[in-house]
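Asks: quick one, fold the following:
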Amino acid sequence: MRAAAYEEAHGTHKDAKAKLQKPDKKKKAALEQAEREARSKAQAASETSTEQLRLMEEDYETTLLNATRDLLHGQLLLHAKGVEAFTKAMQQIPAPKR
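Replies: Down below sits the predicted model:
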C-alpha cells in the first residue's frame, strides 16, 4: 500500500511534468491538484512506515531484553543449584582432625 502511494506520487509527478509542456491553465491546475493529493498520500504512507518502524524497534528491544533476562535467570538458577550441590558435598566430607 505504501509502495503504491509512492509510485502514484512519482507517476503523477512525471505525468504532470510531461503534460505541462503544453500550456493549458485548466489542465495545469488539475495536474497540480492531483500531484498535491499524490504527495499527501505518499507523505501519509511515509509517516505510517516511520511509525511502524519505531514500533518494530521497540518490539525488538523488548524481545531482546526478555531473552537476555530469561538467559540470565537460567544461568543464575544453574549457578545456585551448583552452589547447593557443592555445599552438600562439602558438608558430607568429615572435618579434618587437629
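Asks: any idea how far Gly74 is from Glu84?
Replies: 16 Å (Cβ to Cβ, to the nearest Å). From N, CA and C alone the C-beta is placed, and that goes for glycine too.
Asks: actually, Thr50.
Replies: Distance of Thr50 to Gly74, given as Cβ to Cβ: 37 Å.
Asks: now do Lys28
Replies: 68 Å.
Asks: next: Leu64.
Replies: Relative to Gly74, Leu64 is positioned 16 Å away (criterion: Cβ to Cβ).
Asks: equivalent analysis for Arg39, please.
Replies: Relative to Gly74, and taking Cβ to Cβ, Arg39 is found at 52 Å.
Asks: ok, those two, which is more surrounded?
Replies: For Arg39 versus Gly74, neighbours defined as other Cβ atoms under 10 Å are more numerous around Arg39 (16 against 10).
Asks: pass me the low-pLDDT residue ranges in this structure, would you?
Replies: 1-3, 5-6, 9-10, 12-24 (pLDDT under 70).
Asks: what's the single longest helix in it?
Replies: Longest helix of the chain, by residue count under DSSP state H: helix 25-92.
Asks: remind me what that helix packs against, helices and strands.
Replies: helix 2-19 (3 or more Cβ pairs under 8 Å, 6 or more residues apart in numbering; DSSP states H and E).
Asks: what residue is smack in the middle of this protein?
Replies: Met56 (2.7 Å; Cα atoms, centre = their mean).
Asks: count of residues packed around Glu32?
Replies: Burial of Glu32 is recorded as 13 neighbouring residues (other Cβ under 10 Å).
Asks: got it, and Ala34?
Replies: Neighbours of Ala34 using other Cβ under 10 Å come to 16.
Asks: name the nearest residue to Gly11, ignoring sequence neighbours.
Replies: Ala38 (7.7 Å; Cβ to Cβ, 6 or more residues apart in numbering).
Asks: how far away is that neighbour from Thr48?
Replies: Distance of Ala38 to Thr48, computed by Cβ to Cβ: 16 Å.
Asks: thank you, goodbye.
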